[in-house]
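**Student:** For reference, the sequence and a predicted model appear below.
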Amino acid sequence: MNDVYRTSHQDGVCRPVEEPPAPTPLREPDDIIDHYVSDFNRNDEELYVQDIPNEAAADWMKHEVPFFECSDALIERVYWFRWWTFRKHLASTPEGRIITEFLPDVYWAGAYNSINCASGHHIAEARWLRNGPGLVRDYVGFWFTGPGDELSYSSWVVDAVRRYAEIRDDRAFAVSLLDEFVRFYHTVEERNMTRYGLFWSYDDRDAMEDSISGSGLRPTLNSYMAANARAIATIARWDGQDALADEFEAKAASLAALIHEELWDEDGRFFKVLPLDDKDGILATTDFADVDPSRNVREEIGYIPWMFDLADERHEDAWRFLADTDHFGGAVGIRTAEACHPRYMNCDSPHECQWNGPCWPFATTQTLNSMIAEIRSGRGGVTSDDFMREMRRYAAIHRRQAPDGGVVDWIDEDLDADTGAWISRDRLEAWKWREDKGGYERGKDYNHSTFADLVISGLAGVRVEGMPDGPKTGDAAHSTLIVRPLAVGHSMPYWRLLGLPVGGTTADIYYDRFGDRYGHGIGLTVIVNGETYRNESPTPYIAIAL
């Protein structure tokens, strides 16, 4: 925007002031959804149909999805595109509805083509749907009381259920599965706990095959299990089981301390993997200076501890590597391993899915969630501008050039962080879509990450916090809706989020920098149960008792 000069009434000096842009016509929500769905359907090769076909997508989105529009056309488009792809993965089974990862059947999946790897991401998205509780209850029940294999891949599923229960005031559901969550935790302990007090994981079971660091004591499973332990403790408190809560709080505290002591490389200023080839092995060293250089590497998983509030001010230096082009700052996305390592993007393996540097939306989602947590902490390692930069870069990867030269909306498995080419797709196509690899367009519309949740919890800054000693039924009086958006000021002049389910009600949220678009004045407005709450601060914050 060009500077406009205006004379100050106070001292007569001309200074540049920003004039609001000319307001664009306000669009009807249904018209926006119809426009996007028409575009997506027209450009789509509908290959694998589950519960909701393309022809029903618009109606489903109007009934289920919180309405969102904003001044950034790309973020708005990708928000709707990701809901359009998400509904493709809703599948009814004899055991209830589930959320799939791949659309075609793949041999490494479990019952009904289910894979638990991204269950935390799936729950994070589904919790915002208007009928989300029914879907989440079915989906989580499938893993814990049905035929789903929740132990196939590492996950933070209990933490995801705890967060869902707070957002939707469904603590009773979490309490009903408490025994199953405890059993799950103990089983992972039996399978993966080492003599060092940390969990061991095979990188492939973290869904991160062919990583540079390989197997060992990894920030992934250890962070997930610390978060799961904290979640079990919280759910136990809801149920009045204080002794159980104390036990799992102690487990979480022990893991957090060991993550700090053993997985933090003080010289490298990063959380790293201590290589260990099997669970019962003996570490060659606990000093990163002595780790085999071929496996001593900064990887994007080093940001995962922030996602679960496991890092503190001692670890802030790690964020300086995020945008650094020698490390994680690819031209179009975040790399999963630092570019300066000799084994970055190595071709030792022909496998189509490698974690030695490509950008993975799964990991990008985790890093963006970690950024949100770091910003909320107030420590200053990253800023809202940093988050918005990476959010826009993430949105921009949702595309592919079609054979006719046009560009289509797209989400797939992994991509080159410097060119934006979808790596696994290119390799699978070169292999003529081998059936043993999942067949034609295996990764198309891949459901292995989130986007809408990042818009709602990050860009719009929505969360619900419950009293730690709240009653086992999750009485709404013990919950607080907090709206602290990261998209304000220059970064996003206006946006609105309507019909957002929170607690046992819904919220309409508006941000209008200049106050000329939505009729609610300047700044942040939240409307809940007929009551209007406003904050005109440049960094607005609203908290509402539900």
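**Tutor:** Yes, it's here. Numbers count the residues shown, from 1 in each chain.
**Student:** give me phi/psi at Phe144?
**Tutor:** phi -100, psi -20 (degrees, to the nearest 10).
**Student:** can you tell me which residues contact it?
**Tutor:** Phe144 makes contact with 150, 177, 180-181, 184 under the criterion C-beta atoms under 8 Å, 6 or more residues apart in numbering. Quick note: C-beta positions are derived from backbone N, CA and C, even for glycine.
**Student:** Helix or strand for the residue positioned nearest the centre of the chain, just tell me which one.
**Tutor:** Of all residues in the chain, the one closest to the mean position by C-alpha atoms, centre = their mean is Thr365, 3.9 Å from it. Thr365 is part of helix 361-377, with elements assigned from DSSP states H and E.
**Student:** Pull out the buried positions in that helix.
**Tutor:** If you call a residue buried by 16 or more other C-beta atoms under 10 Å, then helix 361-377 has these buried ones: 361-375, 377.
**Student:** next helix or strand past that helix?
**Tutor:** Tracing the chain C-terminally past helix 361-377 and defining elements by DSSP H and E, one meets helix 384-396 next.
**Student:** Tell me the span between the first and last residue of stretch 464-479.
**Tutor:** 6 Å (C-alpha to C-alpha, to the nearest Å).
**Student:** one step back: can you tell me which of the contacts of Phe144 is closest to Ala289?
**Tutor:** Proximity of the contacts of Phe144 to Ala289 (C-beta to C-beta) peaks at Phe184, which lies at 36.8 Å.
**Student:** I'd say that closest one and Val161 touch.
**Tutor:** No: counting by C-beta atoms under 8 Å, no contact exists between Phe184 and Val161, whose distance comes to 10.9 Å.
**Student:** Settle it for me: which of the two has more neighbours?
**Tutor:** The neighbour comparison of Phe184 against Val161 (other C-beta atoms under 10 Å) goes to Val161, with 29 against 20.
**Student:** just checking, what packs against the one helix or strand that one maps to?
**Tutor:** In this structure, Val161 sits in helix 157-167 according to DSSP H and E. Here helix 157-167 touches helix 119-126, helix 132-144, helix 171-176, helix 178-192, helix 219-238, strand 462-466, going by 3 or more C-beta pairs under 8 Å, 6 or more residues apart in numbering; DSSP states H and E.
**Student:** if we go to 6 Å?
**Tutor:** If you count contacts as 3 or more C-beta pairs under 6 Å, 6 or more residues apart in numbering; DSSP states H and E, helix 157-167 packs onto helix 119-126, helix 171-176, helix 219-238, strand 462-466.
**Student:** Make JSON lines from those and add mean neighbour count and distance to Ala57 to it.
**Tutor:** Formatted as JSON lines, the entries for the helices and strands packed on helix 157-167 read as follows, by neighbours: other C-beta atoms under 10 Å; distance: least, C-beta to C-beta, whole Å:
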{"stretch": "helix 119-126", "mean neighbour count": "25", "distance to Ala57": "16"}
{"stretch": "helix 171-176", "mean neighbour count": "20", "distance to Ala57": "28"}
{"stretch": "helix 219-238", "mean neighbour count": "26", "distance to Ala57": "33"}
{"stretch": "strand 462-466", "mean neighbour count": "19", "distance to Ala57": "25"}
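**Student:** Mean pLDDT lowest where, among these?
**Tutor:** Ranked by mean pLDDT, the helices and strands packed on helix 157-167 bottom out at strand 462-466, which scores a mean of 91.
**Student:** what does the helix or strand that that one is followed by rub up against?
**Tutor:** Of the helices and strands lying after strand 462-466 in sequence (DSSP H and E), the nearest is strand 479-483. Taking C-beta atoms under 6 Å, 6 or more residues apart in numbering as the criterion, the residues outside strand 479-483 that touch it are 461-466, 502-503, 526, 542-546.
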